[in-house]
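Trainee: Next input, structure requested:
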Amino acid sequence: MNILFASTTESADRWIAPLERVLPQDRFFQEPGSHIDVALVAQPPPGTFANLPNLKLVQSLWMGAETLLSDPSLPRNVPIARLIDPGMVAAMTETVLAHVLDWHRHHYRYRAQQAERRWEQLPQFMAGDRTVGVLGLGALGADAAQALRAHGFRVLGWSRRPKRLPGVESSVELADVLERSNVLVCLLPLTAQTRGILDEKRLNLLPQGACLVNVARGGHLVEKDLLAALDSGRVSRAYLDVFETEPLPPGHPFWAHPEVTVTPHAAALTEPRTSLPKIVANIERVRRGEGPEGLVDITAGY
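Mentor: Sure, this is the predicted structure:
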């Protein structure tokens, strides 16, 4: 099998050597050509797919597919698989828990008090006093929702289709979830239907003083509307890992806003140690003439 590695964001050195160890019978390339059978990609260079007439599989190294699907050279007649990496799922859940607990236990406020050398105890809440709304109940959202529930939080989930998760109240009514969420966690795929979903109208449905955690995509959030919600107090705190423009420009108001925590799209990175078995399994399926796991629904956008 001839395998192309094409990425403008992932290091070839980090991936190709371990892939060669587990797939010694295959050959790896970093330039496209007619001999390529499988393309392993993460934001590949423009036009990567234009010269791959014998391609049998496009395997993304990321869970999100929106950038890949926007590539006009992407072949629509070839299976496209996104990566369900258990290491990334675990890392995302850890990040969500860290942000929710930081807000819930007032640690962000205690850090500010320390900078002012101010000693003041704040009211304590139990996890069961808080309701966390999770937007998106795919692999990432479902795992995060279950972990939050295990920590004692009341958890609501919203998804396009009804989902059943033990201990998690699932709804297809977005307004209902927003109105009841003290903390809102966005883990949605970015599609035409979800772009701009966190806008003024929906942020204003949150309870006064709610917290927002966006670890999905920057395109979900209307940034100026969040700034207005923060300044009005409708949203008391925002943890933002993703942005409409990345890297976040130095002059962006999020950097200096006292109620915003900025991280550099690092909530959960693809981990070769845990994702290689998934990649290898899909390559072996193609070798046997079978369909891959994690198939992207081009119509749905994920």
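
Trainee: if you skip the residues just before and after it, what's nearest to residue 74?
Mentor: The spatially closest residue to residue 74, leaving aside those adjacent along the chain, is residue 49, at 5.3 Å (C-beta to C-beta, 6 or more residues apart in numbering). Bear in mind the C-beta positions are built from the backbone N, C-alpha and C, glycine included.

Trainee: how many neighbours does that neighbour have?
Mentor: 22 (other C-beta atoms under 10 Å).

Trainee: Surely it and residue 58 touch.
Mentor: Yes: using C-beta atoms under 8 Å, residue 49 is in contact with residue 58, at 7.5 Å.

Trainee: For the two, list the residues in contact with both.
Mentor: Listed as contacting both residue 49 and residue 58 by C-beta atoms under 8 Å, 6 or more residues apart in numbering are 39, 74, 75.

Trainee: Which of the residues you listed fall in strands?
Mentor: When these are checked against strands (DSSP state E), the matches are residue 39.

Trainee: of the shared contacts of residue 49 and residue 58, closest to residue 5?
Mentor: Comparing the shared contacts of residue 49 and residue 58 against residue 5 with C-beta to C-beta places residue 39 closest, at 8.3 Å.

Trainee: got the residue ranges for the strands in the stretch 1-150 of the chain?
Mentor: 2-7, 27-29, 38-42, 57-60, 80-81, 131-135 (DSSP state E, counting those that start in this stretch).

Trainee: Columns distance to residue 154 and mean neighbour count on top of those strands, output as TSV?
Mentor: Compiled in TSV, these are given as follows (distance: least, C-beta to C-beta, whole Å; neighbours: other C-beta atoms under 10 Å):
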stretch	distance to residue 154	mean neighbour count
strand 2-7	40	20
strand 27-29	48	15
strand 38-42	36	24
strand 57-60	34	24
strand 80-81	35	22
strand 131-135	4	26
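
Trainee: Redo those strands as JSON lines? Include mean pLDDT and distance to residue 222.
Mentor: Formatted as JSON lines, those follow (pLDDT from 0 to 100; distance: least, C-beta to C-beta, whole Å):
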{"stretch": "strand 2-7", "mean pLDDT": "98", "distance to residue 222": "30"}
{"stretch": "strand 27-29", "mean pLDDT": "98", "distance to residue 222": "42"}
{"stretch": "strand 38-42", "mean pLDDT": "98", "distance to residue 222": "27"}
{"stretch": "strand 57-60", "mean pLDDT": "98", "distance to residue 222": "27"}
{"stretch": "strand 80-81", "mean pLDDT": "98", "distance to residue 222": "29"}
{"stretch": "strand 131-135", "mean pLDDT": "98", "distance to residue 222": "15"}
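
Trainee: Can you lay out the ones you listed as a markdown table showing distance to residue 218?
Mentor: Converted to a markdown table, the strands of the stretch 1-150 of the chain look like this (distance: least, C-beta to C-beta, whole Å):
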| stretch | distance to residue 218 |
| --- | --- |
| strand 2-7 | 20 |
| strand 27-29 | 32 |
| strand 38-42 | 17 |
| strand 57-60 | 19 |
| strand 80-81 | 23 |
| strand 131-135 | 15 |
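
Trainee: pLDDT score for the residue nearest to residue 74?
Mentor: Predicted confidence (pLDDT) at residue 49: the value is 96.

Trainee: What is the neighbour count of residue 136?
Mentor: 24.

Trainee: Over to the residue most central in space within the chain. Which of the three states is it?
Mentor: Closest residue to the average C-alpha location of the chain: residue 216 at 3.6 Å, with C-alpha atoms, centre = their mean. What DSSP: H, G, I helix; E, B strand; the rest coil gives for residue 216 is coil.

Trainee: Thanks again, I'm all set now.
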